[in-house]
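Trainee: sequence first, predicted model second:
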Amino acid sequence: MIRSLLIILFVFPYFFTNLQNTELAETDYLAKERARVVRLAEEYKSLKPITVTAESSPRSAGGIHDFYSEGDYWWPDPDDPDGPYIQRDGLTNPDNFTAHREAMIRFSQISGTLASAYLVSKDKKYVEALAPHLKAWFIDEATKMNPNLLYAQAIKGKVTGRGIGIIDTIQLMEVAKAIEAVEDSGVISDSEIQQIKVWFSEYLTWITTHPYGIDERDHGNNHSVCWAMQAAVFAQLVGNQEVLDYCKNMYKTVLLPDQMANDGSFPLELKRTKPYGYSLFTLDAMATLCQVYTDDSENLFSYQTPDGKSLKKGISFLYPFVENKDSWPYQIDVMYWDKWPVRHTFLLFGGLAYDQEKYLELWNSLDADFDTPEVIRNMPVRFPMLWLSDQEKETIGKLDAKLTSDVPAKIIASGVVNYSAFGAKGDGKTDDMQAIMAAHKFANEHDLKVKADDGASYYIGGKARTAIIQTDTDFGTASFLIDDRNVENRTAPVFLVSSSLESFKLEGVTSLKRNQEKIDITLSSSALITVTNSNEMKYIRFGLNQNNGAPQTDIFLVDKNGNVDQDAPIIWDFDQITEITALPIDEKTLTISGGLFATIANQEESKYNYYSRNISIQRSNVIVDSLEHRVTGEGDHGAPYNGFINISKAAFVTVKNTILTGHKTYSTIGNAGKPVTMGTYDIIVNRALNVSFINCTQTNDIDNNLYWGIMGSNYSKNLLFDTCILSRFDAHMGVANATIRNSTLGHMGINAIGTGIFTVENSTIRGRSLINLRSDYGSTWEGKLIIRDCTFIPNGGKTYSASLINGYNSGQHDFGYTCYMPEQIIIENLKIEDSNHPENYQGPAIFGNFNSERTDDSYKEKFPYVLTKEVTLKNVTTTSGKELRVSENEMMFKGVRVKKN
């Protein structure tokens, strides 16, 4: 194991050399895995159990509760189609019965996922979701599996079952580890845990005493390794020390000496028709067997035979061929050659055991979500959180490098931390991210300001590394080149502006009312509250990217006495609350200034795989000043971006004097099966309050429709554009209150759904409409629109028939809420520059044609759309000389009162 941390020497040019015991950097190799298991758990938590009783094969000699599978490489004899099968090694018969194997793999995946998510989050909902599966497989008489494999790997016309079928139950290992992970959660009763362990104990007895079990144990090659591996895991679960001792001794005296050559290879696997895949599989299994004994007095990772064979040697042999498969000098596998390698166990366990960070880096970079059935069934460990001790998780999660001197007192005395002091080269070529992380880590610990070196150019490669900013940071004149062409984790931010204050769950709040003024809670300080009812879906999207909606969600501010800030009120009634958290508000303002950032765009296929290699602000009271972000290298395709400045779970954030860049627009196939352009943003505001953009511009032409609009927002309140020249303002889901003033908006204009007051004043709008109420969410704004002292240039001056307020709602789609047009619209001193208009132009309209099918009063809406009650007009002029009309659809808007002052 990595019991001591890496020692790396750096020169500190500003202060001194030969520093000792100063923490330098950390790489969180489990970050992707934590996010992965929670993401998968959310998908899996609603799945129902499927056991061996769900399907059966007429070729099985067993009953409904007996696991049945067939030999993979056995095929019908062309010369005797109805006779016994014949072998074709390495070639899988696609007509085999695989339902039981698939059900067990599914069970393993679900168990590993939900238990891992519980370990990561401590949320008992994942254990509650796992419990029915465990009961169905091991307890319920109607669905449980018999604790034996009498009918596994059968061969038609030859045998009804074989010992080598026992390899199929390596899928139950992570079920066993899942049980260990959740048994103390209190969700599954002690008696049920005991019944499950009895099942495993009976199965362990069967594989250690039945002739099939003995055959598998003594089979040789990967089968013997897998017998010992799973026997050890099951013995550990049920506390069978005799079997644990036997398997440990078997590794030392049989498996390692008999199966490994002196160079670390596995000759029995190299003789197979799939030597690469089987070598990986065997080494994974050996490493997993050794991992079972990490708490044992004798560490199998350090064991070697008298002639020098060891797991360390096996990893050293195979590692180069995982790093570069093309260097493999042996026969190419007859099947699945292109599916390997994936995220192999021996790299993780070996990296920890032998202090080899390169193993961990390679493990972290490989695919964890492979979907080829052959690969899945030959990967004994798919959920590493179940296998690592708390100490190992801490070690791999924070693999710190250290210097060789005392804490540098001169840095502390100066009050400023420079990146070069921690080894950053700033030459535009060397990946400086580790040094940047180290500088911020040191600054956070000692409450020091960070200052980038003037004129330096920092290259940031694709490794999954994030620098945590918790103190004032001046990027100054330095440049940062962020290379997204080959990244380990596209969702890992480069900089995370975070709070030292931690969020916590609120207890005792079970419901909320819209506009509620006080909550019965007492806090130590003001806090940002996020509340969710996952049992009620809102924002059920309509159109090319239709979906089933999102859980009802709201955010708001409370003071320490529970008083709700009425400038950002609660906008929903919550009859139930499934989760409510409080994030304390930082009182001290944190400032980030300067910096020239450039992203080398990703080259991925154009699909919804959002990149977030960005500056993520997850702290309240932050100012970003005079930052610049550009984008280079955009080609014919690419994945979209989730905001270079991404503000979430925060309040009182201001971005000013900042230059941003719109991303190139790419198309993909949407959820409706038709082509759709993908939203891609340089600004994202998500679950945030009181966010302002002041004097911000963008590098590309705001009217160039080759580039998507620059800004998007969700679940946010009190948004402000002031003195900005940008291509778009977008209020997406759950937005309340917005103001645009002294600004110019380009080709995508203003797009909004939400509630409250939307004010546009002293601004120029160049979109197709003055305000577009987004049709995919019901063209709803429940509140008031105020437009003052503005100029509207329809479609950026191109030929166009203008309307001020546009949208679409047929009344036939359930969005999860009642949809409203603004109850009141006030328009004062508006100039409409519509001189470039089509022939037969009758003048601009207040409203576009929101529903062309609604032509008379017989039209029936399944989900009524509440129309505007009153429009007040004062001093509205047109360059065309045409009068402002109500709408192309006069029938639809006949009840709207239009007052002209």
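Mentor: Structure received. Residues are numbered from 1 along each chain as shown.

Trainee: did I read that right, Gln331 in a helix?
Mentor: No - inclusion of Gln331 in a helix is not indicated when DSSP: H, G, I helix; E, B strand; the rest coil is applied; the result is coil.

Trainee: who's in contact with the nearest residue to it once chain neighbours are set aside?
Mentor: In this structure, Gln331 finds its nearest non-sequential neighbour in Pro275, 5.6 Å apart by CB to CB, 6 or more residues apart in numbering. In this view, the C-beta of every residue, glycine as well, is placed from N, C-alpha and C. Shown in contact with Pro275 (CB atoms under 8 Å, 6 or more residues apart in numbering): Glu269, Tyr330, Gln331, Asp333.

Trainee: mind giving me the ChimeraX command for buried ones among those residues?
Mentor: Selecting just the buried residues from the contacts of Pro275 in ChimeraX takes one command, with 16 or more other CB atoms under 10 Å as the test:
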select :269,333
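
Trainee: and the contacts of Pro275 as CSV, adding distance to Cys696 and pLDDT?
Mentor: Formatted as CSV, the contacts of Pro275 follow (distance: CB to CB, whole Å; pLDDT from 0 to 100):
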residue, distance to Cys696, pLDDT
Glu269, 60, 94
Tyr330, 58, 94
Gln331, 60, 92
Asp333, 54, 91
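
Trainee: distance check, the residue nearest to Lys513 when sequence neighbours are not counted against Gln566.
Mentor: Of all residues beyond its chain neighbours, the one nearest Lys513 is Asp573 (5.6 Å), with distances taken as CB to CB, 6+ apart. If you measure Asp573 against Gln566 using CB to CB, to the nearest Å, the figure is 17 Å.

Trainee: quick one: which of the two has more around it?
Mentor: Set side by side, Asp573 and Gln566 give different neighbour counts by other CB atoms under 10 Å, the larger being at Asp573 (14 against 11).

Trainee: ok, the more buried one to Val531 distance?
Mentor: 11 Å.

Trainee: what sits in contact with each of these two?
Mentor: If you check Asp573 and Val531 against CB under 8 Å, 6+ apart, the residues they both contact are Leu512.

Trainee: quick one: Met86 and Gly71 touch, right?
Mentor: Met isn't right for residue 86; it's Ile. No - with contact taken as CB atoms under 8 Å, Ile86 and Gly71 are classed as non-touching, separated by 10.7 Å.

Trainee: more neighbours, these two?
Mentor: Here Ile86 and Gly71 are compared on neighbour count by other CB under 10 Å; more neighbours surround Gly71, at 21 against 16.

Trainee: tell me the contacts of the more buried one?
Mentor: With contact set as CB under 8 Å, 6+ apart, Gly71 has these partners: Tyr85, Gln87, Asn96, Gln153, Ala154, Ile155, Arg162.

Trainee: phi, psi for Gln812 please.
Mentor: In terms of degrees, to the nearest 10, the main-chain angles of Gln812 are phi -110, psi -10.

Trainee: check contacts around the spatially closest residue to His65 that is not a sequence neighbour.
Mentor: In space, not counting the residues next to it along the chain, His65 is nearest to Asn146; the distance is 4.7 Å by CB to CB, 6+ apart. Under the criterion of CB under 8 Å, 6+ apart, the contact partners of Asn146 comprise Gly62, Gly63, His65, Asp66, Phe67.

Trainee: you'd agree Leu884 is up against Val871?
Mentor: No - counting by CB under 8 Å, Leu884 does not reach Val871; the two are 9.8 Å apart.

Trainee: shared neighbours, these two?
Mentor: Taking CB under 8 Å, 6+ apart as the contact criterion, the common neighbours of Leu884 and Val871 are Ile846.

Trainee: low-confidence ranges in the stretch 51-200 of the chain?
Mentor: Judged against pLDDT under 70, the low-scoring parts of the stretch 51-200 of the chain cover residues 90.

Trainee: all strands of it, in order?
Mentor: Listed in chain order, the strands found in the stretch 51-200 of the chain under DSSP state E, counting those that start in this stretch are 68-70, 74-75, 86-87, 151-154.

Trainee: got the contact list for the first one?
Mentor: When you say that, I think you mean strand 68-70. Strand 68-70 is contacted from outside by 52, 56-57, 59-60, 62, 93, 96-98, 100-101, 151-156, 165, 168, using CB under 8 Å, 6+ apart.

Trainee: run the last query once more with 7 Å
Mentor: With contact meaning CB atoms under 7 Å, 6 or more residues apart in numbering, strand 68-70 is reached by 57, 60, 62, 96-97, 100-101, 151-155, 165, 168.

Trainee: with the longest one instead?
Mentor: By CB under 7 Å, 6+ apart, the list of residues contacting strand 151-154 from outside reads 59-62, 66-71, 160-162, 164-166, 168.

Trainee: from those, which would you call buried?
Mentor: Among those, those buried by neighbour count (16+ other CB under 10 Å) are 60, 62, 66-71, 161-162, 164-166, 168.

Trainee: out of these, who's nearest His344?
Mentor: Checking those against His344 with CB to CB, the nearest one is Asp168 at 20.4 Å.

Trainee: helix/strand/coil for Phe652?
Mentor: strand.

Trainee: show me what contacts it?
Mentor: Ser620, Asn621, Asn690.

Trainee: repeat that for Ile805.
Mentor: By CB under 7 Å, 6+ apart, the contact set of Ile805 is Ser769, Leu770, Ile771, Leu773, Ile825, Ile846, Phe847, Gly848.

Trainee: need the pLDDT of the last one.
Mentor: Reading off the confidence values, Gly848 has pLDDT 96.

Trainee: lovely, talk soon.
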